[in-house]
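**Q** I would like to see how this sequence folds:
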Amino acid sequence: MAEIKFTEQAIKDLEEIASYISTDSLYYAKLQLQKILLRIDILQNFPYLGRIVPELKTKSVRELIEGYYRIIYKIINKKEIHILTIHHSRKRLFRGQLKRLSKS
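**A** Modelled structure (predicted):
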């Protein structure tokens with residue numbers, strides 16, 4: 001079972017998602033975060049479940065989709081996974097951003 005670690009960017013992303021949604025509904029903000037975190041938990045046992053991120057085409061950087069969000073993560077080894085960012089799919093994600101994040 002792999003250990004999941006969140007980068008500072010991923011933590012910031014979660015906080016921003018919660019803050020944005022909670023302006024309309026605290027209930028739905030909590031619900032969205034729960035869905036994202038439950039999806040991430042699956043990676044402990046199935047790290048290769050997500051597809052390779054098309055912008056990078058690197059086998060170790062993959063993504064899961066939860067609603068409108070791309071959960072982008074890096075497989076460090078069999079025992080460690082880093083959540084790099086949680087990105088809204090309507091926002092453009094630049095290759096340079098991903099390269100920078102994947103180096104952490």
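**Q** any idea how far the closest residue in space to residue 10 that isn't next to it in sequence lies from residue 26?
**A** Leaving aside its chain neighbours, residue 10 sits nearest to residue 83 (4.3 Å; criterion: CB to CB, 6 or more residues apart in numbering). C-betas here are computed from N, CA, C, even on glycine. According to CB to CB, to the nearest Å, residue 83 and residue 26 sit 24 Å apart.
**Q** and these two? which has more neighbours close in?
**A** Set residue 83 next to residue 26 and count neighbours by other CB atoms under 10 Å: residue 83 wins out with 23 against 11.
**Q** Show me the strands paired with the helix or strand hosting that one, marking each as parallel or antiparallel.
**A** Assessed by DSSP states H and E, residue 83 sits inside strand 80-88. If you go by DSSP bridges, strand 80-88 pairs up with strand 3-6 (parallel), strand 69-77 (antiparallel).
**Q** Nearest approach to residue 19 belongs to which of the ones you listed?
**A** strand 69-77 (14.5 Å; CB to CB).
**Q** Residues contacting that closest one, please?
**A** 2, 17, 36, 39-40, 43, 47-48, 50, 53, 60-65, 81-89, 93, 98, 101-102 (CB atoms under 8 Å, 6 or more residues apart in numbering).
**Q** Could I get the CA-only coordinates of the strand holding residue 83 as CSV?
**A** Output for strand 80-88, consisting of C-alpha atoms alone and laid out as CSV, is shown next (Å, rounded to 0.1, in the frame of the first residue of the first chain):
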residue,chain,number,x,y,z
GLU,A,80,5.0,6.7,-2.3
ILE,A,81,2.7,8.9,-4.4
HIS,A,82,2.7,12.7,-4.5
ILE,A,83,-0.5,14.6,-5.3
LEU,A,84,0.9,17.5,-7.5
THR,A,85,-2.2,19.5,-8.2
ILE,A,86,-6.0,19.4,-8.3
HIS,A,87,-6.9,21.4,-11.4
HIS,A,88,-10.3,22.5,-12.7
